[in-house]
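[1] no sequence on this one, just coordinates:
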Ligand SMILES: Nc1ncnc2c1ncn2[C@@H]1O[C@H](COP(=O)(O)OS(=O)(=O)O)[C@@H](OP(=O)(O)O)[C@H]1O
Ligand SMILES: Nc1ncnc2c1ncn2[C@@H]1O[C@H](COP(=O)(O)OP(=O)(O)O)[C@@H](O)[C@H]1O
């Protein structure tokens, strides 16, 4: 019994491991972080395209979309961003439990919020991907015209201009989205997932696990 909520956790008969066995991959969260315009959304969706081609089950939680629904009550104060990231991380956790590769594309500017997000996942399941693009590049792209409006003071607390962005000190992967072509960045992410054994060893032919073809052993790719 949880005393603060008077609730009792209900354990499911079908577990994450069962759900993962139906897939050609194990489930993880790819946590894309970076300045506005650094390429989080573009890269997450391009990675999703590539994973779909490989028959992976995926879902992208995207900043702008989530802020129109689940987080429509939140603004851009430090507290609201923190609550935004808390909700997203809980949503991503449910997706990971469901067996999919979850991707999140949020600025998530504060290290402490990203650390808290990481802490609710089993070790090795949270893959932080820093979309590395300088403020200068992002501002020149100005995909939504928000930098211009932030510079003029019309948009307050704008990340990189009037609100901080704390770059990850030790992300699982840093991708130079400000300089490299999109295809190279996608390839880098896919290669990282391959190295981490997110893709199952032998999805089409079965393996030594004794499970039928397509339901082979999932290799634990957790880092040391
Ligand atoms: N003040 C301010 N600062 C930063 N961003 C702003 C702001 N106001 C609106 N927007 C738009 O909201 C998108 C960022 O939302 P996020 O949920 O990713 O932000 S956060 O993680 O809670 O910091 C962000 O989208 P992306 O450009 O895709 O990052 C902006 O389009
Ligand atoms: N390597 C790259 N990765 C991602 N986006 C890139 C890359 N190179 C150029 N871009 C461009 O940069 C912009 C990034 O915008 P967006 O994905 O909306 O960023 P964010 O979600 O971080 O705000 C897009 O116009 C995209 O075409």
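    Everything's here; your move. This one's a predicted model, so the numbers in the text were calculated from it and none came from an experiment. Ligands and ions are numbered 1, 2, ... in the order given.
[2] okay, now the unreliable bits of this protein?
    Within the chain, the segments meeting pLDDT under 70 span 202-224.
[3] quick check, the residue in it closest to ligand 2?
    residue 39 (2.5 Å; CB to the nearest ligand atom). The way it works is simple: take the backbone N, C-alpha and C, and place the C-beta from them, glycine included.
[4] how about residue 32, phi and psi?
    phi -80, psi 130 (degrees, to the nearest 10).
[5] which residues sit in contact with it?
    For residue 32, the contact set (CB atoms under 8 Å, 6 or more residues apart in numbering) comprises 40, 43-44, 103-106, 129, 131.
[6] for the residues you listed, give me TSV that also has secondary structure, distance to residue 13 and neighbour count.
    Listed next are these as TSV, based on DSSP: H, G, I helix; E, B strand; the rest coil; distance: CB to CB, whole Å; neighbours: other CB atoms under 10 Å:
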residue	secondary structure	distance to residue 13	neighbour count
40	helix	37	28
43	helix	37	24
44	helix	32	23
103	strand	28	28
104	strand	29	26
105	strand	33	28
106	coil	33	26
129	strand	34	28
131	strand	39	27
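[7] just the element for residue 87, please.
    helix 78-97 (DSSP states H and E).
[8] for that helix, what is the distance to the chain centroid?
    Offset of helix 78-97 from its chain centre (CA atoms, centre = their mean, to the nearest Å): 11 Å.
[9] rewinding a little: over to the residue of the chain closest to ligand 2: give its phi and psi.
    phi 120, psi 20.
[10] thinking again about what came up before, between the contacts of residue 32, which sits nearest ligand 1?
    Nearest to ligand 1 among those, with distances taken as CB to the nearest ligand atom, is residue 106, at 3.6 Å.
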